[in-house]
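Asker: can't give you the sequence, but here's the structure:
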């Protein structure tokens, strides 16, 4: 069978070269090795901080905070009242928080290592990897509890998180995604200004005590995410090509949802609900889901840019990250709902709510995984999904069809539908015995 068409005549190697150039300059040899080794060393140090801070954060989450409660997700007296009203214990709250935090940290670090190791020596993947590792420590209680127990680690932790992980390289990823170029020129100057502002905040913290500078830094910090979205939109409309626009739009979508959700949860909601509302407990975990939206946006952008040859791994990551988030929300909601129902009926809590929620999660795992897998395949892998369905149908026909002419028509139709070539030619070889007789 011979296939003819423009799509089949493109050189795959040229396509790969184009994709690689779109992700920025690619150092080779020892430079790529040094960049990857430095990233892995940074990741190991951050992971060590999570490990040391884990028991400290778990202990802190079970204590009642009196002062400076906004520094980490601590329980206030009002939170304790909200928990007691629905029959939930402090230990259960701490367990749920730690479970969500652990999933979040593993997802951030796992995706970051996967991206950087698969494409070593490229600045955009390295920047995204550093950003994800920094985000793993930015949210949660591990590092705040660690620096509270060991104050001398405050400055090193701030440098690791804010200067390296979420510092100049992460802003480089936002301002130049996906081609690694500062276009237009004012984007470079904006990047320099934000780099200097971050340098002053991290390395000269005394400057933030000045009233004027404190206001300026506050404006920069609060405007950073809307400004990043503006830069991405402007570059998409004026600089990027169609393929790059298709990739950048996922970061725009993710960050837009993150900004709106943050405003609603952290600005509007506190003004509408009382201080002893259960919503304030949910706010402690919203940071994980907000940053998770941005992580998902980067994954979608990478998938649509085809910047990395890890489609299968990204597909599995999308499925299981979505599945984990969905199951965590169902578990958290069912535990709270059932505990509130049991407490309203008998006036005390019961472990049956936790057992029932666990059984519910076990029952929903496979059906929910299949549903998410089908949805992602249809939405992001439509051509492969349709081709797989066509081939499955042809396999069933092949087992039952005995007419060679009919089978040939089926085969040509399958090739046309799944591969969409401009022309198909089918050549049938005569059986060996027939050729020998001739």
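Answerer: Here it is on my side, so go on. Small disclaimer: the values here were computed from a predicted structure and weren't measured.
Asker: Output the longest helix belonging to this structure.
Answerer: Selection of the longest helix in the chain by residue count, based on DSSP state H, yields helix 311-346.
Asker: what separates the next helix-or-strand element following it from the chain centre, distance-wise?
Answerer: Next in sequence after helix 311-346, counting helices and strands by DSSP states H and E, comes helix 352-380. Centroid separation for helix 352-380 versus its chain: 19 Å, with CA atoms, centre = their mean, to the nearest Å.
Asker: Could you pull out the helices in the stretch 151-300 of the chain for me?
Answerer: When assigned using DSSP state H, counting those that start in this stretch, the helices of the stretch 151-300 of the chain occupy the ranges 154-158, 168-176, 185-203, 211-238, 242-263, 269-272, 279-305.
Asker: among the ones you listed, which is nearest residue 356?
Answerer: Within those, the stretch nearest residue 356 is helix 279-305; the backing value is 21.1 Å (CB to CB). (C-beta placed from N, C-alpha, C; glycine too.)
Asker: Please find the angle between the direction vectors of the closest one and helix 242-263.
Answerer: Orientation of helix 279-305 against helix 242-263 (axes from the mean of the first three to the mean of the last three CA atoms, to 10 degrees) gives an angle of 180 degrees.
Asker: If I look at residue 156, what pLDDT would I see?
Answerer: Model confidence at residue 156, given as pLDDT, is 90.
Asker: how far away is it from residue 322?
Answerer: With the distance defined as CB to CB, to the nearest Å, residue 156 ends up 35 Å from residue 322.
Asker: Between those two, point out the one with more neighbours.
Answerer: Under the neighbour definition other CB atoms under 10 Å, residue 156 and residue 322 were set side by side, and residue 322 has more, 18 against 13.
Asker: Next up, the contacts around the more buried one.
Answerer: By CB atoms under 8 Å, 6 or more residues apart in numbering, the residues touching residue 322 are 372, 376.
Asker: what do you get if the cut-off is 10 Å, keeping everything else the same?
Answerer: With contacts defined as CB atoms under 10 Å, 6 or more residues apart in numbering, the neighbours of residue 322 are 292, 296, 368-369, 372-373, 375-376.
Asker: repeat for residue 319
Answerer: With CB under 10 Å, 6+ apart as the criterion, the residues that contact residue 319 are 369-370, 372-377.
Asker: Point out the least confident member of those, please.
Answerer: Least confident of those in the model: residue 377, at 73.
Asker: Now do the longest helix of the chain: distance to the chain's middle.
Answerer: Centroid separation between helix 311-346 and its chain, computed with CA atoms, centre = their mean, is 17 Å.
Asker: Go through it and flag the buried ones.
Answerer: 314-315, 317-319, 321-328, 331-332, 334-336, 338-340, 342-343 (16 or more other CB atoms under 10 Å).
Asker: Whichever of the contacts of residue 322 end up buried, select them in ChimeraX.
Answerer: Only the buried members of those enter the following ChimeraX selection, criterion being 16+ other CB under 10 Å:
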select :292,296,368,369,372,373,376
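Asker: what's the most distant pair in the contacts of residue 322?
Answerer: The distance between the two most remote of the contacts of residue 322 (CB to CB) is 19.0 Å, for 292 and 373.
Asker: got the domain boundaries for this protein?
Answerer: As recorded under automatic domain parsing, the domains making up the chain are 14-309, 310-380, 388-437.
Asker: Go through the ones you listed and pick out the most buried.
Answerer: When you average the neighbours per residue for each of the domains of the chain (mean count of other CB atoms under 10 Å), domain 14-309 leads with a mean of 17.
Asker: Okay then, goodbye and thanks.
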